[in-house]
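Enquirer: Need coordinates for the following:
(4 chains)
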Amino acid sequence: MEKLIALLIAAPLLGAAVLLLGGRRLDRVGHWIGTLLSTASFVFGLVLFTDLLGRNAEHRTLIQHLWTWIPVEGFQADVTFRLDQLSMTFVLLITGVGSLIHLYSVGYMEHDERRRRFFGYLNLFLAAMLLLVLADNYLLLYVGWEGVGLASYLLIGFWQHKPSAATAAKKAFLVNRVGDMGLSIAIMLMFTTFGSFAFGPVFGHVDGASQGKLTAIGLMLLLAACGKSAQVPLQSWLGDAMEGPTPVSALIHAATMVTAGVYLIVRSAAVFDAAPDAQLAVTVVGAVTLLFGAIVGCAKDDIKKALAGSTMSQIGYMVLAAGLGPIGYVFAIMHLVTHGFFKAGLFLGAGSVMHGMNDEVDMRRYGGLRKYMPVTFVTFGLGYLAIIGFPGLSGFFSKDKIIEAAFAKGGTEGWILGGAALVGAAITAFYMTRVMLMTFFGEERWKNQATRSPEAPSAEPAAEHRGETAEPHPHESPKVMTIPMIVLAVGSVFGGGFFSIGDRFLYWLEPVTGHSEGHSPVSAGEVTAATMVCLVIGVAVAWAQYGRKPVPAVAPRGSLLTRAARRDLLQDDFNHVVLVRGGEHLTRSLVYLDHTLVDGVVNGTAAGFGGLSGRLRRLQNGFARSYAVSMFGGAALLVAATLLMRAV
Amino acid sequence: MNPVNYLYLAGLLFTIGATGVLIRRNAIVVFMCVELMLNACNLAFVTFSRLHGNLDGQVIAFFTMVVAAAEVVVGLAIIVSLFRARHSASVDDASLMKL
Amino acid sequence: MSAQLAAYTTSTGEAFQFWVLGTVAVIGALCTVLMRKAVHSALSLAGTMIVLAVFYLANGAYFLGIVQIVVYTGAIMMLFLFVVMLVGVTAADSLKETIKGQRWLALLCGVGFGVLLLAGIANASLKDFTGTGQANANGNVEGLAALIFTKYVFAFEITGALLITAAVGAMVLTHRERTERARTQRELAEQRVREGTYVPPLPAPGVYARHNAVDVAGLLPDGTPSELTVSKTLRERGQIRDVSTEAINDLRALEQRSKERLERAPIAPETFKRPEEASK
Amino acid sequence: MSFPLLTATAALPAVGAVATAAVPAARRTAAKWLALLVSLGTLALAITVLVRFDPGGARYQLTESHSWIRDFGVRYELGVDGIGVALIALTAVLIPFIVLAGWHDADPLETGSRRWRPTQGFFALILAVEAMVLISFEATDVFLFYIFFEAMLIPMYFLIGGFGDRAHAQGEQAAATQRSYAAVKFLLYNLVGGLIMLAAVIGLYVVAGNFSLQQIAEARAAGSLHMATSTGRWLFLGFFFAFAVKAPLWPLHTWLPNAMQESTAPVAVLITAVVDKVGTFAMLRFCLGLFPEASKWATPVILVLALISIVYGALLAVGQRDIKRLVAYASISHFGFIIMGIFAMTSQGQSGATLYMVNHGISTAALMLVAGFLISRRGSRLIADYGGVQKVAPVLAGTFLIGGLATLSLPGLAPFVSEFLVLVGTFTRHPVIGIIATFGIVLAALYTLVLYQRTMTGPVRPEVSAMPDLRVRELLVVAPLIALLIFLGVYPKPVTDIVNPAVRHTMSDVQKKDPKPEVEAAK
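Expert: Take a look at the predicted model:
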């Protein structure tokens, strides 16, 4: 049965290879090949899953050793896969949602002549992501880690002829690289501490390691997580990443890749449990990000960017939960999965809306679309209810548990974190309602105007090919797009409930992550009540602002906070001023110095010798007599020398 | 008196000749100065042969004379042709060694 | 003095001779270097060489002494003089130095070298000496010959070869192959006209019948002397006698005297009458 | 006396060079084919060396030894250890691609240009360089090594100065002057280094009495080698300086950008991927092998210099406007990694460094050659003159991207393995330096992606709109390199197996043990 694990990765990898090397002759069938192979991988996943279910909890870890990767004196890296409950969960999420989104993309990318390559990249991403979650040691995980980074780079910059897209892709990769730096340093630390970086040995010897080392490792892992999961302070790339095609945003920047950071933290539970300081840092990052993302989400008029903000904030929840230790791990993963469903669904919905609206992304030019695209409306709405944590839907279960766990952390930390989580919930309710209202309700602001608005250029250049700048004719998307949305909607409705009934998700994951019931100062009921209150407040405020009075088609200037939030709370400006400008000046001055100083010293020496010889040349005036003088003088010196020799 | 004085004289003459070579511009005079130096050497040789009491020094002096004769012949020939080429016998005019 | 004497002792006579002639030699050398005219240098050099010849003799090198006089002073120096004449005794080449600092450097080196040399000789302790007595026992010439034709025979032969080569070389160097046909009178004349140089034959030197010497420049009508009239060589040697002023003065004096002797009054203007008018 | 395989390996290209040069001027193509065949033959020989080499066997294998200059104890001694084998293989693999890539680089220019480009000479010189590089990888006699280490400069000088890029912004004349400047600079730098090394070589002879690595090693082992500490250090510095110039180490690096910028892409690859490796290789074999004590003494300074090279090179690469120059500075940064790995004095570091030499050779070759194809199409080296190439020439762009990703050492491609090994090896002994060096990977990503973005993405510039995609010959050059990159990235075991024993020997030379992990240390 272990043999199958490799196939999980092999299938999409094969797909990527075939599609990318296949050339134009595959253009007609390429997308179906990609979809097929990802589905195949999903099927393998299901087979393995049933197999795991067949075993009892202790024996649910499958190890497949393929070959020795880097054998060097004292340094052993293997290509080994580890399939346990945690990675199983991810495998199913990735391949499942992945396949759905493949299907969706078939319709969505229909008009793009580079569709084959798009699917190649998608398969490449699946392979890398699976490698990431299946790796049995951190170095192999690192391969997957950067692999998904590459895939996201390629996919964000898929429309490379758009400078904005290319820049966004580069930015994403660079910011991720900073995170990767953290990961590689963490691996080095592990190597120096444990002499290995395979999961088994590392987690086995944690108690033997010094506190300081463990904390350092934890913080470095956190840095990596921040990079990949767009947590403060490395969150700035996610917003721009929306330059990519919407399916990409759904799959990579909502459902799977961005959650890799959470996976990393949960996977390294043993390390974090032994390093409370690192854990605290994790929780802080999580809390800050969930508020940060939420606030940003409130101000964006670009529907995808708003959703990106919410993604950020939801992952903030997960990280927060993961930072809480055994109390939270399970719920972090649970929220991750449910979030995977509804956020993917929301993005696909957004994509469908844009599809119908000539790729318009500015919500201020939407409105009243529910009549025109009912399926999208329903699925999107369900996803909306799920994310704001409407009782009974999946978001409710996972998020509620996280807030509970936050309070259960105890002490002032508990209160602060819990409070943050609650506020987050309120804001979530607000901005999601806002999106909902601006998109599907209110009067139809897209009427009587060309949707191509100069100040908000569309993300999808496909329209430019079609050259449509006329008034849009909203229409429902084709089946191939709606079916995945429906499936995801179902998942986002029932997922949470399904997992929570009898805590089966808890029992499923417990052997890997471990679990402990924190005793919370506030009872579960109270937390739920509080959450509900926040939810209602959020929705109410949103309704008051966007439901009752009409939405202005051009964004009002807004308060200081709003404007800051529109600019991602000035984080980009900070980066630009400090890093970009500073970097530019640094490099420029260095280039100058290299030319003048380092090179100048050498050239200066050369010039000096040149001048010296020029002077000496004067002596050679060509007059035989002056040469004779020098000869004579030399003779005199010789005589003197001989005499001196004789003397001494 | 000690014959070493001859050596002193020889040294003196040699030096005078050398200095002459350096300061005179007329090729012929330069040549004469060279001859002077040669003669000084000869004197030294002869004196040495006397000091050591064998004739080798004289033989050498003899050869010196022969060589000097040959040298003068060629040298003067050169001067003449040089003078023909450029109507002067000044050493400095032939300052073509400068690139 | 006899060979034996010269060989063994250095008599007071020799000492005296040395000091006197040594001085002469040094003075001669200095003159060689310092004389403005090549001829003078050559002559003073010859003097020095003769002195040296005497010193050779005094040192018991009779053969060399003679050779010195015959070959050097006799042949080589004469050769020098010939060349000097051939090259043309240009008016003494100025001793003014053209290369900057050359002279001072030269003097510095010279003095330094000389001092060192003498110091070296003084340093070498050569108090006692063995004369050329038994070396010259059976004749200096025979002694030399014995050496030259036995020990130094190769050197001797090679030197001979050298001499031959030198002779040939000198000939090759000085021999001038006439490359182009000698130009005829006509061509020369035409060229002169073309170049616009002095076309008519050069005027003769000398002034009237008084100074017909070649070294006297002829006078132009205004009484100034004309260089052209004197031969180039004399001109270059600067051996022109300028007699113009004196000639003019003589002329004036002559007229004066002739006037006095003829006692001529100035001719008064008188009216001229016909004779028949006068008879009436 | 078995068949002198090593001599043959080095001799074949030498003979080939002469033969190629002898081809009459009219038969240009024949010369090219001859050169290609010779290089392939050399590759075959190199593979036999690889096969005959037994990792478990003696340190130096396939040895040959003949007396050469008896009076000075100079011997013609050849022998290869794992490191040598790996680099011989690298050289032999790269040269055919270089020849193939430079197929048209030395064709006579279109009429109107006064420059005469002797095609035969171009390929003959390349083969000559290969021969010298090979023999300096094989030589176990210091003097023999020195001779070819220096002789290498002559053909390189002519390759750099004689054959530049076809088109040039400021016209033919300016190009010629810049080329000769670069060539002279290259020559002077390396010559100075070499002369200093010569002094050290002589000093070594004075101390040791012979030039043979093995004899000196035995003497040291037997304790019969009397080398004063200070003497050893001076000699070490003499050697190291030459190698530091060759494998450009800050601040002796400035010749490399000029040389690579002015020479054609294949020659640039020859410089950075093959010739410069001799420097790093020699550090490993001679500096550490002959002067272990001095090496340990100099380690801190050298590590810092290497660190500066890494960061500095990367930063300058970011600031470049010229594609080739950018690659050159990237190489400087990578050489910093290699040197750091060598002097980290850990087996991971040194294995990594050796692996890095191989991988860097391949990755730079891939990137530089593709860049060369790009430049030959547009006739400009300036990044600003490109844009949107991806749209018109997707394959070219793709290969370029892969080369770039290899340069930023993306996991799954060969350079990652070596770079990570170097980092780990350094980190275990010098954590701070290791961490700072890790910043290099971010900068690497920066300059690579900026280069890719500016040249390949964005709206299509009119000048490149008609740009043809890679031709078959060019694909033949690039595809195998990329395949090699991926293979060695996924399965570097073949190389590491060969390298590890050699590294073990080196480690024992310097009498260093890898630091124990904390957990085991605790026990």
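Enquirer: Could you say which helix or strand holds the residue nearest to residue A:417 when sequence neighbours are not counted?
Expert: Closest residue to residue A:417 apart from its sequence neighbours, by Cβ to Cβ, 6 or more residues apart in numbering or on different chains: residue A:406 at 4.2 Å. Glycine gets a C-beta too; all of them are placed from N, C-alpha and C. Counting by DSSP states H and E, the element that carries residue A:406 is helix A:394-408.
Enquirer: per-residue confidence averaged over that helix?
Expert: For helix A:394-408, mean pLDDT is 86.
Enquirer: list the helices and strands that helix packs on?
Expert: Where contact means 3 or more Cβ pairs under 8 Å, 6 or more residues apart in numbering or on different chains; DSSP states H and E, helix A:394-408 is packed against helix A:303-323, helix A:329-356, helix A:374-388, helix A:411-440, helix A:479-500, helix A:524-542.
Enquirer: Which secondary structure elements does the fourth one sit against?
Expert: In other words, helix A:411-440. Checking 3+ Cβ pairs under 8 Å, 6+ apart, helix A:411-440 ends up next to helix A:276-299, helix A:303-323, helix A:374-388, helix A:394-408, helix A:524-542.
Enquirer: got the angle for that helix vs helix A:394-408?
Expert: 160 degrees (axes from the mean of the first three to the mean of the last three Cα atoms, to 10 degrees).
Enquirer: just the angle between helix A:411-440 and helix A:524-542, please?
Expert: 40 degrees.
Enquirer: Pull out the buried residues from helix A:411-440.
Expert: A:414, A:417-418, A:420-440 (16 or more other Cβ atoms under 10 Å in any protein chain shown).
Enquirer: and what of the last one?
Expert: In terms of neighbour count (16+ other Cβ under 10 Å), helix A:524-542 has its buried residues at A:527, A:528, A:530, A:531, A:532, A:534, A:535, A:538, A:539, A:541, A:542.
Enquirer: Throw the residues you listed into a markdown table and include distance to chain D, thanks.
Expert: Converted to a markdown table, the buried residues of helix A:524-542 look like this (distance: Cβ to the nearest Cβ, whole Å):
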| residue | distance to chain D |
| --- | --- |
| A:527 | 41 |
| A:528 | 44 |
| A:530 | 43 |
| A:531 | 40 |
| A:532 | 45 |
| A:534 | 40 |
| A:535 | 41 |
| A:538 | 39 |
| A:539 | 43 |
| A:541 | 42 |
| A:542 | 39 |
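Enquirer: Would you mind finding the longest strand in the chain?
Expert: I'll assume chain A. Looking across chain A with DSSP state E, the single longest strand is strand A:62-72.
Enquirer: was after chain D, sorry
Expert: strand D:61-69.
Enquirer: distance between that strand and the chain's centre?
Expert: Its chain's C-alpha centre and that of strand D:61-69 lie 26 Å apart, by Cα atoms, centre = their mean, to the nearest Å.
Enquirer: surely residue A:323 meets residue A:279?
Expert: Yes. Applying Cβ atoms under 8 Å, one finds residue A:323 in contact with residue A:279, separated by 5.2 Å.
Enquirer: Can you check which residues contact both of the two?
Expert: The contact sets of residue A:323 and residue A:279 overlap at residue A:272 (Cβ atoms under 8 Å, 6 or more residues apart in numbering or on different chains).
Enquirer: Compare those two and say which is more crowded by neighbours.
Expert: residue A:323 (27 against 24; other Cβ atoms under 10 Å in any protein chain shown).
Enquirer: wait, what's in contact with the more buried one?
Expert: Residue A:323 neighbours (Cβ under 8 Å, 6+ apart): A:265, A:272, A:279, A:280, A:281, A:282, A:283, A:284, A:285, A:286.
Enquirer: Which residue ranges of chain B form helices?
Expert: B:4-23, B:27-52, B:56-85 (DSSP state H).
Enquirer: Can you show me the CA trace of the first one as PDB?
Expert: This means helix B:4-23. In PDB, the C-alpha atoms belonging to helix B:4-23 read as follows (Å, rounded to 0.1, in the frame of the first residue of the first chain):
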ATOM      1  CA  VAL B   4     103.900  52.900  -8.600                       C
ATOM      2  CA  ASN B   5     103.900  56.600  -9.400                       C
ATOM      3  CA  TYR B   6     103.600  55.500 -13.000                       C
ATOM      4  CA  LEU B   7     100.400  53.800 -12.100                       C
ATOM      5  CA  TYR B   8      99.100  57.000 -10.500                       C
ATOM      6  CA  LEU B   9     100.000  58.800 -13.700                       C
ATOM      7  CA  ALA B  10      98.200  56.200 -15.700                       C
ATOM      8  CA  GLY B  11      95.100  56.500 -13.600                       C
ATOM      9  CA  LEU B  12      95.200  60.300 -13.900                       C
ATOM     10  CA  LEU B  13      95.600  60.200 -17.700                       C
ATOM     11  CA  PHE B  14      92.800  57.600 -18.000                       C
ATOM     12  CA  THR B  15      90.500  59.700 -16.000                       C
ATOM     13  CA  ILE B  16      91.300  62.800 -18.000                       C
ATOM     14  CA  GLY B  17      90.700  60.900 -21.200                       C
ATOM     15  CA  ALA B  18      87.400  59.500 -19.900                       C
ATOM     16  CA  THR B  19      86.200  62.900 -18.900                       C
ATOM     17  CA  GLY B  20      87.200  64.200 -22.300                       C
ATOM     18  CA  VAL B  21      85.100  61.600 -23.900                       C
ATOM     19  CA  LEU B  22      82.200  62.800 -21.900                       C
ATOM     20  CA  ILE B  23      82.500  66.500 -22.500                       C
END
